[in-house]
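Colleague: coords below, sequence missing:
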């Protein structure tokens, strides 16, 4: 490893000693205005203060502390404060006061699983506690500490706990069903290994500069946006996800202003910039400093990369700055990635063969699907493509489940022993080697490059033919500008059922519902039938924001199916295949 750190405490103490007065983090309150900043020395002092308070409150190493913070630097101080006390940090979103019915159940489910003794928050968040307790009385039993009210005098009383690489640092609760969130157990050793890998592939140094709008309660936002800058010793500028979503221009303007070298996000963020940043705004951008443009966390589309480059190349954006990546919380974060000046690699494959689980060359007479490489495995990472049913290695160019082995693989799911054994203890049927992490993702390795095809659990099988939902979703999106990009879900209505449904959000400003709705449904049905050979059973056209999404912005397909069946989506109109309607009547 680049640094001989045994823990994140070593990491931050090293920075506070060698870069004491260097600015570590700056928060852009509205995505533009600097309203708070921390040097490494200030952060170290705040962390010691919070850790001392935790010890005074009776917290012991191994206890869990929920972190409930709005976007800002208080979260970073609290995260390191928990680390400095040997307490396991559990980052969560504060429940939204106008959406308690949606946001509180996830928090209470995490509380039930993690069994924390403390909640760290700001005074502003603490003021909302009575309203939450009315709906979730179990919150009343916890100790609440408003860390922004603590005086730094207590820092001198801090005593460093005995922790090492195998000590748990935090629980990363995965996105998904609020009924059963899974807390990934991430150790200090996992983090330091993954941070070193990121440092290696990105070739970071003290001259690097990061800008991030990603939510810090998730692995990419926390590790790439917060921890990696501290690991390599370069400044980080942070903004709220909402400020980016409201005005994507703020993201690229911050990159321009601070001469950022490192920044990125999911595929939809690049689409949003292309659609929402005007030609006039582009004339004020200089993206020539941006050399690490990571794209991950959801399917990466070749059209997105090409269109973003076409749109912003005149602003100094370079094609070879793109870093398509693959990662997941169970492997801390990063699994595959190119290095500096890596050029994105596209794989055009026959669509029919892809549906049959194979990669074949296309011909003029066949429909093709373009996959984007997520890069080669990072150093020390073993990636296998395995048949999920037989647990044997797949043949070359055969799609299978992605299995992993590396020092970044975490310790499993907190208090979910059976699921941990099933997911983290996989053994190859060929030679009995293992254990491996079963990712649940489908992909193929070609010439050392990983191409991700989709999620195993979301795979659709219609008349024996496999279909990847993201391919159908892209087809639906393209049928009308009123269909909101990234807001389409295609899924089976019941498990192992061939009745396929589409749920799509509409922008009502883009169409007259009374005049074109039937035409729109006809377009969707026709395109899906022609391109994919599927007769749709149901189409639900929804109001903006109606689709359920995980806290990281992904669409949970099973939750969509359940919500549609239960009539829980804000629908503008629902269409059901006519012969089915007659049968029901």
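Modeller: Cool, the structure landed. Because the structure is a prediction, the values reported are computed rather than measured.

Colleague: Thought residue 345 was touching residue 320, still the case?
Modeller: No. Judged on Cβ atoms under 8 Å, residue 320 makes no contact with residue 345 at a distance of 11.8 Å. For every residue, glycine as well, the C-beta is placed using N, CA and C.

Colleague: of those two, who's got more company?
Modeller: Between residue 320 and residue 345, counting by other Cβ atoms under 10 Å, residue 345 is the more crowded of the two (18 against 14).

Colleague: which residues does the closest residue to that one other than its chain neighbours contact?
Modeller: In this structure, residue 345 finds its nearest non-sequential neighbour in residue 373, 4.0 Å apart by Cβ to Cβ, 6 or more residues apart in numbering. Residue 373 makes contact with 324, 344-347, 449-451 under the criterion Cβ atoms under 8 Å, 6 or more residues apart in numbering.

Colleague: Let's see that with 10 Å instead.
Modeller: Applying Cβ atoms under 10 Å, 6 or more residues apart in numbering to residue 373 gives the contacts 300, 302, 324, 326, 336, 338, 342-347, 443, 445-452.

Colleague: Which of these fall within strands?
Modeller: Residues of those located in strands (DSSP state E): 324, 326, 336, 346-347, 443, 445-446, 449-452.

Colleague: any idea which of those residues is closest to residue 57?
Modeller: Proximity of the ones in strands among the contacts of residue 373 to residue 57, judged by Cβ to Cβ, is greatest for residue 326, which lies at 40.6 Å.

Colleague: can I assume the closest one is in contact with residue 442?
Modeller: No. Applying Cβ atoms under 10 Å, one finds residue 326 not in contact with residue 442, separated by 11.8 Å.

Colleague: Could you list the low-confidence segments of the stretch 351-500 of the chain?
Modeller: Within the stretch 351-500 of the chain, the segments meeting pLDDT under 70 span 464, 495-497.

Colleague: which residues in it form strands?
Modeller: 368-372, 382-386, 400-405, 437-446, 449-455, 460-462, 465-467, 483-492, 500-506 (DSSP state E, counting those that start in this stretch).

Colleague: quick one on the thing from earlier: what subset of the ones in strands among the contacts of residue 373 is buried?
Modeller: 324, 326, 336, 347, 443, 445-446, 449-452 (16 or more other Cβ atoms under 10 Å).

Colleague: Kindly present the residues you listed as TSV, with separate columns for distance to residue 40.
Modeller: What follows is these, written out as TSV (distance: Cβ to Cβ, whole Å):
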residue	distance to residue 40
324	32
326	31
336	31
347	43
443	39
445	40
446	43
449	38
450	36
451	40
452	37
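
Colleague: which among those gets closest to residue 260?
Modeller: For these, the closest approach to residue 260 (Cβ to Cβ) belongs to residue 324, at 18.9 Å.

Colleague: got the contact list for that closest one?
Modeller: With Cβ under 10 Å, 6+ apart, residue 324 has these contacts: 264, 267, 293-296, 300, 302, 305, 336-338, 342, 344-346, 372-375, 449-452.

Colleague: Run through the bridge partners of residue 295.
Modeller: residue 265, residue 324 (DSSP bridges).

Colleague: Next: residue 36.
Modeller: Where residue 36 sits in a bridge, its partners, by DSSP bridges, are residue 27.

Colleague: shouldn't it be in contact with residue 72?
Modeller: Yes. Using Cβ under 10 Å, residue 36 is in contact with residue 72, at 6.5 Å.

Colleague: For residue 77, pull up the helix or strand it's in.
Modeller: helix 74-84 (DSSP states H and E).

Colleague: What average pLDDT does the very next helix or strand once past that helix get?
Modeller: Counting by DSSP H and E, the element after helix 74-84 in chain order, helix or strand, is strand 88-92. Throughout strand 88-92, pLDDT has a mean value of 97.

Colleague: One more: stretch 164-175?
Modeller: Stretch 164-175 comes out at a mean pLDDT of 93.

Colleague: worst-scoring helix or strand of this structure, pLDDT-wise?
Modeller: One helix or strand of the chain scores below all others by mean pLDDT, DSSP states H and E: helix 578-584, with a mean of 50.

Colleague: Which SSE is immediately downstream of the helix ranked longest in the chain?
Modeller: Counting residues, the longest helix found in the chain (DSSP state H) is helix 513-532. Counting by DSSP H and E, the element after helix 513-532 in chain order, helix or strand, is strand 538-542.

Colleague: can you list the strands of the stretch 351-500 of the chain in CSV and add distance to residue 428?
Modeller: Converted to CSV, those look like this (distance: least, Cβ to Cβ, whole Å):
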stretch, distance to residue 428
strand 368-372, 25
strand 382-386, 7
strand 400-405, 8
strand 437-446, 11
strand 449-455, 18
strand 460-462, 25
strand 465-467, 23
strand 483-492, 30
strand 500-506, 34
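
Colleague: wait, which of those is closest to residue 146?
Modeller: Using Cβ to Cβ, the nearest of the strands of the stretch 351-500 of the chain to residue 146 is strand 483-492, at 36.3 Å.

Colleague: isn't residue 141 right up against residue 118?
Modeller: No. Contact criterion Cβ under 10 Å: residue 141 and residue 118 do not qualify, at 11.1 Å.

Colleague: When those two are compared, which one has more neighbours?
Modeller: Using other Cβ under 10 Å as the criterion, residue 141 and residue 118 rank with residue 118 on top: 23 against 9.

Colleague: and that one, what does it touch?
Modeller: Taking Cβ under 10 Å, 6+ apart as the definition, contacts of residue 118 comprise 53-54, 57-59, 63-67, 82, 85, 87, 90, 142-145.

Colleague: Only the buried subset of these, as a ChimeraX command please.
Modeller: The buried subset of these, as determined by 16+ other Cβ under 10 Å, is captured in ChimeraX by this line:
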select :53,54,59,63,64,65,66,67,82,85,87,90,142,145
